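Asker: Sequence first, then the predicted structure:
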Amino acid sequence: MKIDVIIIGLVAALSGLYALHSSFGLAGAGAGLAVMITYALLLKIKPKKPAEKTFFQNIRFKLPIIIVIAGIVWVVAGKFNFPIWWQIEFVSFAFVGFCFFTLLDWKTLKLEKSNFDWVKRLLATYALASGIFIGVTAQLPQFDPMLELEKLNKPPVKLSGLAGPEVIAAGREVFENNKCFNCHKVFWEGNSDRGPNLGTKQIGLYPEDYIKEQIIEPRKKQSPGFDDPKSVKAMPTYYGEDLSEDELHALVSYLKTLRDPTHMPVEGKFGEQWTWWDDKDVVAEGQQVFEGVHPATEGLSCAVCHGKDGTPMMTGALDFRNENNTDTTKIEGDHTDKVLKDWPDALWYRRVTRGVPNTPMAPWGMIFEHLYLWKAEAYARTFHDPLEKRTAKRPVPPVPTKEEIESWKSKELFLDPLL
Amino acid sequence: MENGYLSPSFRPFIQVMMKQSQSPFKSTFFKSLICLIFVYVLGHLTPFLPVTSNPIFANLSFQTLAHAEDEEEEEEDEGEGEEGGGEEEASAEEEAEDLSYLTDIGPAADHEFKEFSFLGMSNRKLTWAAAQLHILFASFILGCPMFVVIMEVMGARRTQGVRKAIILSNVFLAVLIGVVIGITGEIIVGIHHGVLYGLWACAFGALFVSFLNYFHKLMNIRASAFVGAVFGALLSMALTPVEHYEVSGIILALVNGAVGGLISNGIMFAQSDYKFERLAHEITKVIGICYSFTALSGGLFLFVMLVAYQDFITYLISSFPVLFMVAYPTLFILETIIMYIYVYSWDPLNKSNKKGRHIVTGVILNILGLSLLVALDGPATFMQTPPKPLDQLMNISEWDKIANMVWMPLNYHRLVGNGTFGGYMVCIIGAYMYLWSDKKEEREYYDWVGYIGNLIGVAIMIPLPAMGYIFVREIYQYDATIGMYIMSDRESMFMLVQGLLVGTMFSASNIYMWVSMKRIENAERFFPAMKFGFILIVISATIWFTPRRFFATMLPEPHMNPDMVLPDNLAFLALMISKNTAAFCLVTVTFINYIFYTIATKTGKVHYGKVNPLAPYVLIFLGFADIWLMSWMGTIRELSRMNWHVYKVFKDVTPEKFAPSLAESGFHVTTLVWTFFILMTAIIWIGIKYPKTKKKEVEPTQAEPQMAE
């Protein structure tokens, strides 16, 4: 073999392996190497003249084999939790493979004897191609154009005369029309993790100006965990031009409703997420709130009662240093069986935002931004569970379901009647 | 000059010039150099010139002219106002005067153009049909001449004139190849200005090596590659505007220069094969007829638009006054003239031993064709990505409207797409003629034509995904909403069908190679490896076809199943990284099979004419799939503007502003492809088969007197 051919082949193979390694790590490079070795081995096989097979001979072994393969594919896909439609897809492709291999070993066609023969075959070829393309396009999931037409015929969002819930509904429409779902989930809705889940992140906790800035100038401040170069460029910068003032206002109104009274906000990309309990920046800011030095919560100081170092300064004030503290009998229906270290997020939130009846613990949620109250809670936990001593992060809670979200409203977990 | 019109002092200068012109090397060299400098200056400076410093484009804009006239009128009004301060009564009378007769066009003013239906075809469907047919024929007449010229070169005896012409055709080919490799490098490796590195290095590498080869210097192919690499890389580095050189860019330039050198040497010293000449000539006959159909369908498209979307077409044409009044007609007329010269001068120039001139005509035809393609991509892409800010759209020059964000990506995409299209059309021609031939020699020849067509189609199809990728990347940069509409919303299932089509095409192409290899001696040694490749193809196609969700919009609409979504931990299978890997795998397997095929043809005897009769049908299937895919991608591109004729500038307010469903689109595209195929079948018959039949009938009567002589 010529040396230059060997060099070019080697360079191509190494480049391929490098590309696979950078995309899929060792597994990718390993798979690539396995493919190369298989090719090399197969090329070493002593050639034998391909035998002409009848249709029955052709499929005699292939059909049982493909049925077994299809069965394995079905079971393995099921084990990996692929929904049934994907299982059907994979099995269908296994049968496409069967057709391929049947065609490859198909015996040589007979020569056309008359014009009718080639016309027949030609029409069959066209019919096969047309049948595949028409069939596939007809069988794949469809949308109803009339629904789109309805949307297109809707007048643009105008807020004059609209009340709160209608503005929020209009904002939701703006969110959908501008394809925000393509990158952002809203709790259980949507199916892309390109950007943060605006529901579990609880974007609604943030001030309106901040949300507006995130829409209009998204590059100014990245959401934690989304500061890699690809994510930095992902959010389009044209919404400031595209959205009318009314649309922007409605959109922000909708986003302000995205909150969760039962869980700490969640940050980071899917697969690498964390809650505010484990966020050192949040804890640091929470300390400022707790100690009464945060400018956004002027007039609030948790340390006045709970002590700057955690030593309660007032009788009855909860001692955050004792992880086994049981202070949950003061409110009817509290989790009486749970000690402090096991308190659910919802309990922390409720006690701080609604206060504890018959105690000096006031409903601070009526006065201060809940954004900061969550942060103060994240800090309060560090008294019995210091950040630096944690060996593992607290588990990221499951995404609330549609039913759970609806129950927040019926149970009136929010203070705001619009939520 | 001899009659005394020239001053004697000029005579020595003219004599020197004439002497120079007698030296073919110097003359051609200087002319080429001047041309290249001109092209460079035009290509590099024009897009960056501010509107004000570009009076030709700026002043020829209708809007600008109208604006200028308004200004003049205002100035005149102001002047009159100053002079006629005391003539208020008179001006009041003037104001009251009814001048509506000047603009009143009569009872036709209230005429409204309404939605209509004809045989189930509405305004949109008729426009769609006319546009689709036009673009398919246009692709044929733009795609096929590209390699017809190369085929002609491969089939021409290497006379002095042909060798000169080869220098030009080599540079032309090198420009195309350089651009393609450059973009691929830009996309895959992320090389800044990869296109320019590729273009200049390959073109100059080819130019320099071709010149040396012409003088029988640098005969060794490796030496040619080396010299092409060094010379091309040096020039491309000088011409590419980068702040600092990067190793990847230099490597790309070296590779492109080497490719330029290789192809130049390969083509210059290739042994001429008459089969190529015959193939080129036959396809040219078809091109001639297709040219008429392109014009006819273009006219039909315009008429339909004038009826169905008259406001919009008026707006679009008036937005590009210079293009539609001057550039397009000029290019069109020039191309028509050159095309007819090319078609009808084939035999006369062959007989008078002036093949080189014919090749040069072919290259010029291609340059004009590509210019036409690039020119009309301007309005097409303007509709998709009108330059921002949109409120300044009326104040920018026509050039700025043409050179919008996706203009160049679409040019690249269509250039490569047309090349692939041309390759598969050759397959179809070969397959049809194979079926229509009864002589052994004819069958051998058309079997070979099918092989060549597939070779070209596959070779050009390999970089095609990269071109599509760069196009969509720019769309995302312009407005991610369009990209999302394509990839995740109403067109997501359309894209799934695209994946299926690409998989089908790669599969069919590989099946053809498999079937063809069965007629090559000693090719069996590759069969086990090729079968393994087919397994990889099926796996790759499965991954490409795997969607994130099986409902046809971003969020489930009524009557859709919201559970048809991949769980988050499996979503990576539907992401671009997996799709790219699948595409890479498809391309690599095809490329490997292509290498096996090439090795087999070189090391074993090919029994042309004895191919499995399945082969021509596979080729026709492949061609059908390719043309269907082209039509489908055009549909996706057009629908991605949503309910806008010009995105966010000119809204579609007709009843058909919505996206048609997948099933409806699939059926409509299939009927259009059928229409095209029926027409093409007739054209191939009339262009190639019928003259042969006629000749056969006439031959015996002519033969007798010849024998008598």
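Answerer: Looks like it arrived, so ask away.

Asker: Before we move on, what's the pLDDT of A:Ile45?
Answerer: Reading off the confidence values, A:Ile45 has pLDDT 84.

Asker: ok, for it, nearest residue in space, not its chain neighbours?
Answerer: Excluding the flanking residues, the one nearest A:Ile45 by CB to CB, 6 or more residues apart in numbering or on different chains is B:Pro528, at 4.9 Å. Backbone N, C-alpha and C define where each C-beta goes, glycine included.

Asker: And the residue of the stretch 251-400 of chain A that's closest to chain B?
Answerer: Among the residues of the stretch 251-400 of chain A, A:Phe270 lies nearest to chain B; the distance is 5.9 Å by CB to the nearest CB.

Asker: That residue belongs to a strand, doesn't it?
Answerer: No. Going by DSSP: H, G, I helix; E, B strand; the rest coil, the assignment for A:Phe270 is coil, not a strand.

Asker: List the buried residues for stretch A:278-287?
Answerer: A:Asp278, A:Asp279, A:Val282, A:Val283, A:Glu285, A:Gly286, A:Gln287 (16 or more other CB atoms under 10 Å in any protein chain shown).

Asker: residue nearest the centroid of chain A?
Answerer: A:Asp193 (3.4 Å; CA atoms, centre = their mean).

Asker: Tell me who's in contact with the residue nearest to that one when sequence neighbours are not counted.
Answerer: Distances taken as CB to CB, 6+ apart put A:Phe270 closest to A:Asp193, at 3.8 Å, once the chain neighbours are dropped. Applying CB atoms under 8 Å, 6 or more residues apart in numbering or on different chains to A:Phe270 gives the contacts A:Asp193, A:Asn197, B:Asp568.

Asker: Regarding the residue nearest to A:Ile45, what is its secondary structure?
Answerer: helix.

Asker: ok now do it, which residues does it touch?
Answerer: By CB under 8 Å, 6+ apart, the neighbours of B:Pro528 are A:Leu42, A:Leu43, A:Ile45.

Asker: Filter those down to the buried ones and hand me the PyMOL line.
Answerer: To isolate the buried members of the contacts of B:Pro528 in PyMOL, using 16+ other CB under 10 Å:
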select buried, chain A and resi 42
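
Asker: Format the contacts of B:Pro528 as JSON lines; extra columns: secondary structure and distance to A:Ile72.
Answerer: JSON lines is the format used below for these (DSSP: H, G, I helix; E, B strand; the rest coil; distance: CB to CB, whole Å):
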{"residue": "A:Leu42", "secondary structure": "helix", "distance to A:Ile72": "22"}
{"residue": "A:Leu43", "secondary structure": "helix", "distance to A:Ile72": "28"}
{"residue": "A:Ile45", "secondary structure": "coil", "distance to A:Ile72": "25"}
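
Asker: from the contacts of B:Pro528, which is closest to A:Thr237?
Answerer: The closest of the contacts of B:Pro528 to A:Thr237 turns out to be A:Leu42 (CB to CB; 51.3 Å).

Asker: any idea how far the closest one lies from chain B?
Answerer: For A:Leu42, the distance to chain B (CB to the nearest CB, to the nearest Å) stands at 4 Å.

Asker: And for residue 344, the neighbour number?
Answerer: Just going to use chain A. Neighbour count of A:Pro344, defined by other CB atoms under 10 Å in any protein chain shown: 13.

Asker: wait, I meant chain B there
Answerer: B:Tyr344, neighbours per other CB under 10 Å, totals 12.

Asker: before we move on, back to that, which of the contacts of A:Phe270 lies closest to B:Ile287?
Answerer: Out of those, the member with the shortest distance to B:Ile287 (by CB to CB) is A:Asp193, at 50.7 Å.

Asker: now the closest one: how far from B:Ser169?
Answerer: Distance, A:Asp193 to B:Ser169, using CB to CB, to the nearest Å: 51 Å.

Asker: And the contacts of stretch B:589-602?
Answerer: With CB under 8 Å, 6+ apart as the criterion, stretch B:589-602 contacts A:39, B:455, B:458-459, B:461-462, B:506, B:509-510, B:513-514, B:516-517, B:520, B:522-523, B:526, B:529-530, B:533, B:536-537, B:540.

Asker: now the residues you listed: which count as buried?
Answerer: Buried among those (16+ other CB under 10 Å): A:39, B:455, B:458-459, B:461-462, B:506, B:509-510, B:513-514, B:516-517, B:520, B:523, B:526, B:529-530, B:533, B:536-537, B:540.

Asker: Among the residues you listed, which are located in helices?
Answerer: A:39, B:455, B:458-459, B:461, B:506, B:509-510, B:513-514, B:516-517, B:529-530, B:533, B:536-537, B:540 (DSSP state H).

Asker: re earlier: got a markdown table for the contacts of B:Pro528, with distance to A:Glu241 too?
Answerer: Formatted as a markdown table, these follow (distance: CB to CB, whole Å):
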| residue | distance to A:Glu241 |
| --- | --- |
| A:Leu42 | 57 |
| A:Leu43 | 58 |
| A:Ile45 | 63 |
